[in-house]
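> Structure of the sequence below:
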Amino acid sequence: MATVHKIRPVKLIGRKIRQLRRSHNLTQTELSARIGIQQSDLSRMEKGEYRVSLDTLFRILSEFEMSFGEFFDEMARESLSERDLRLVHEFQTLDESTRQEVESLIAEKTRIPARSPSRSAGWSPQEAQEPAERDTLARTR
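Below you'll find the model as predicted:
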């Protein structure tokens, strides 16, 4: 089974900024001067070491004539494999009852409590605990 490596959002954003900058043949020095930040800050943002403020992100996107929605839509598409996209599409074509069955199966396989419309309002953190942990907690009350 393949191992899935989760990448922190700050790194994904940084990678996308670097990709945009390079696709426009700009150096870090050139882009940082255009948007009014230090080159070292841009470098750290691209590496995912430094969070990009909304103000800075808007200035970067303005420089590339790209909307906020386009930026994140492209990121989402790039972070999903063709298989992931196919599965999402197929899931969306299912009726509500079948979707709930699939969600229950996934919850069972991943040990995440299944969400149902009737439980969503009354969910408690204790429901997310392993059964043995809940039992121990209940005995100590």
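
> what are the phi and psi values for residue 66?
In terms of degrees, to the nearest 10, the main-chain angles of residue 66 are phi -130, psi 140.

> name the element the nearest residue to it once chain neighbours are set aside belongs to?
Leaving aside its chain neighbours, residue 66 sits nearest to residue 20 (7.3 Å; criterion: CB to CB, 6 or more residues apart in numbering). Where C-beta positions appear, they are placed from N, C-alpha and C, glycine not excepted. For residue 20, the element it lies in under DSSP states H and E is helix 9-23.

> residues of that helix that come out buried?
For helix 9-23, burial by neighbour count (16 or more other CB atoms under 10 Å) applies to 12-18, 20-21.

> Next, give me the two most distant ones among these.
By the measure CB to CB, those have their two most distant members at 12 and 21, which lie 15.1 Å apart.

> now this structure, which segments are flagged as low pLDDT?
1-7, 76-80, 112-141 (pLDDT under 70).

> How many residues are close by residue 53?
11 (other CB atoms under 10 Å).
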